[in-house]
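Engineer: Here is my input, please return the structure:
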Amino acid sequence: MTPVLKYFYSKLATWIKKNYRFTFIILSILGSVIVYLINENFLGNINIEENLLNFLQILFPIIILWALFGPSLIRNENTYIIKGDEKMDVGKFSEALIYYEKAFSLNPVDYIYARIANAKTSLNDFKGAINICKEGIKVNPNNSNLFHLCGVAQSHLGAFKEASKSYSKAIDLNSNEQEVYTYSAELKTSLGDHIGAIEDLNKAIRRCKIKPYGESWEIFTVYCARGKAKQAANDFEGAIKDFDKSIEVADTEIVAYVFNHRGFLKAKMEDFEGAIKDFDKGIWNLMQLKGKRNISYSLDAVKKMESDLYCNRADVKKKLGANQEALSDYDNAIQTCPTYVKAFNNRGLLKAKMEDFEGAIKDYTRAIQIDPELVQSYNNRGRLNIKLELMQEGVNDFYKVIELSPNAPQGYRGIGDAKKRLGDLKGACENWEKASKLGDQDASKFFKEQCQ
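Structural biologist: Residues are numbered from 1 along each chain as shown. Model (predicted):
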């Protein structure tokens with residue numbers, strides 16, 4: 001079967017699954033018409049037994065009536081499960097949970113426990129999801145999906161050891177489940193076990209069932225996850241190859257996420273032209289997505305990703321010296337998402353470079369207003385205040401850096417620089433020494449040159 005035929009076949013199968021009643025009605029009407037035409041000899045002399053024709057004439061109307069009214073008359077757990085699944089597909093998790101609980105009241109089996117747990121996790125009721133998973137495991141201790149869902153909820157609550165045990169148990173029960181390996185890998189990445197994460201994702205890729213053309217979400221997700229794990233392990237070339245592969249197999253509404261990650265890695269590898277091209281593609285993808293009426297992503301999520309793409313592209317343009325273009329991209333990032341602190345902080349750095357010091361101070365201040373614990377913006381504003389001879393304001397910012405991040409050297413180094421400008425060499429040396437012990441090379445150099 002050609003890729004095009006596979007694509008149309010998969011789309012047709014998906015449509016039939018979602019519109020099964022309508023499909024039954026259309027096929028039954030078509031069958032009734034054909035039987036009538038045969039019976040009246042409109043299609044020529046087709047030899048079919050009269051009893052069979054009579055049977056078909058009765059059967060097709062019955063199928064139509066069943067498709068119209070049958071499911072509403074038969075109230076078993078499957079009816080509610082189907083309705084719950086439909087609500088989950090469109091993001092109506094509260095309504096889905098109601099249907100699943102109705103199904104559960106009719107037949108409390110393990111796979112309904114799993115659906116309830118999934119709905120609760122989607123509603124951020126992680127403790128409720130864990131409790132329902134544990135109850136379901138008592139009913140069927142061999143249900144790998146319940147252990148998997150329990151691990152997902154535990155990860156969200158920061159219970160990483162418990163989550164790891166749940167994922168391991170799920171894998172023991174069903175070693176062919178690629179999704180469990182993917183979640184296990186994400187957990188290992190968050191714990192710094194990048195090698196273990198990559199090994200899990202290698203297994204996930206081997207277990208991925210390549211779906212018909214246009215239906216390859218699973219393998220797209222796994223390649224993205226392995227790319228992120230390799231990025232965390234500083235294997236940038238390997239990460240880019242995985243992102244390349246995820247884009248190659250993707251037939252999703254949005255691949256801007258991958259273009260953003262791949263562009264960021266190319267920038268780190270100083271392939272600035274390639275990075276800008278990826279950010280361009282990501283922004284274009286989001287522009288197309290926002291024009292659609294029915295998408296699987298919230299508009300806020302799309303705007304946040306668009307803002308990050310603009311910001312990352314601006315960072316690259318700033319490195320290339322295209323300051324006005326970079327400034328325009330930062331402006332677009334902030335216009336798209338007015339609470340995006342990274343854009344305010346980085347635009348402040350650019351404005352300081354362009355000697356728009358007042359504008360830079362305003363951007364750092366706005367970033368701090370949005371996120372009062374943003375150490376980077378306090379540090380940047382403090383350094384600029386010192387440069388502008390606003391010593392007290394600068395020192396206050398550096399004390400805030402120390403308060404928020406006691407083991408970061410920037411605050412001590414900044415206070416040391418301020419005290420040096422004020423003629424307090426002893427105070428400067430004390431702070432430079434502290435910064436030096438915390439790993440600041442410049443502070444160490446100043447301390448050796450001026451304090452020993």
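Engineer: and the residue lying closest to residue 112 once chain neighbours are set aside, what helix or strand is that in?
Structural biologist: On the basis of Cβ to Cβ, 6 or more residues apart in numbering, the spatially nearest residue to residue 112 that is not a chain neighbour turns out to be residue 104, at 4.8 Å. Any C-beta I mention is one placed from the backbone N, CA and C, and that applies to glycine too. Under the criterion DSSP states H and E, the helix or strand holding residue 104 is helix 93-106.
Engineer: Now the element after that helix, going C-ward?
Structural biologist: Once helix 93-106 ends, the next helix or strand along the chain (criterion: DSSP H and E) is helix 110-122.
Engineer: and the next element down the chain from that next one?
Structural biologist: helix 126-139.
Engineer: Show me the domain layout of the chain.
Structural biologist: 3-74, 373-452 (automatic domain parsing).
Engineer: which residues of the stretch 101-250 of the chain score low on pLDDT?
Structural biologist: Scanning the stretch 101-250 of the chain with the threshold set as pLDDT under 70 gives 175-180, 190, 207-218, 249-250.
Engineer: any idea where the helices of it begin and end?
Structural biologist: In the stretch 101-250 of the chain, the segments counted as helices under DSSP state H, counting those that start in this stretch are 110-122, 126-139, 144-156, 160-173, 178-190, 194-207, 217-232, 236-249.
Engineer: The fourth one versus helix 194-207: what angle between them?
Structural biologist: Here the directions of helix 160-173 and helix 194-207 differ by 30 degrees (axes from the mean of the first three to the mean of the last three Cα atoms, to 10 degrees).
Engineer: can you count the residues close to residue 225?
Structural biologist: Neighbour count of residue 225, defined by other Cβ atoms under 10 Å: 24.
Engineer: ugh, wrong one, residue 367
Structural biologist: Residues near residue 367, counting by other Cβ under 10 Å: 26.
Engineer: Which helix or strand contains it?
Structural biologist: Per DSSP H and E: helix 357-370 holds residue 367.
Engineer: And for that helix, what's in contact with it?
Structural biologist: The set of residues that contact helix 357-370 without belonging to it, under Cβ atoms under 8 Å, 6 or more residues apart in numbering, is 339, 341, 344-345, 347-349, 351-352, 374, 377-378, 380-381, 384-385, 387-388.
Engineer: now, which of those lie within helices?
Structural biologist: Among the contacts of helix 357-370, the residues falling in helices (DSSP state H) are 341, 344-345, 347-349, 351-352, 377-378, 380-381, 384-385, 387.
Engineer: Just the buried ones from these, in ChimeraX syntax?
Structural biologist: Only the buried members of the ones in helices among the contacts of helix 357-370 enter the following ChimeraX selection, criterion being 16 or more other Cβ atoms under 10 Å:
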select :341,344,345,347,348,349,351,352,377,378,380,381,384,385
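Engineer: Farthest-apart pair in the ones in helices among the contacts of helix 357-370, please.
Structural biologist: The span of the ones in helices among the contacts of helix 357-370, defined through Cβ to Cβ, is set by 341 and 387 at 22.2 Å.
Engineer: about what we covered before: for the helix holding residue 104, C-alpha coordinates in CSV please.
Structural biologist: Provided in CSV are the C-alpha atoms of helix 93-106 (Å, rounded to 0.1, in the frame of the first residue of the first chain):
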residue,chain,number,x,y,z
PHE,A,93,-11.7,16.0,31.9
SER,A,94,-14.3,16.8,34.5
GLU,A,95,-17.1,15.5,32.3
ALA,A,96,-15.1,12.4,31.4
LEU,A,97,-14.5,11.7,35.1
ILE,A,98,-18.3,11.7,35.7
TYR,A,99,-18.9,9.2,33.0
TYR,A,100,-16.1,6.9,34.2
GLU,A,101,-17.5,7.0,37.7
LYS,A,102,-20.9,6.0,36.4
ALA,A,103,-19.3,3.1,34.5
PHE,A,104,-17.4,2.2,37.7
SER,A,105,-20.7,2.1,39.7
LEU,A,106,-22.0,-0.5,37.2
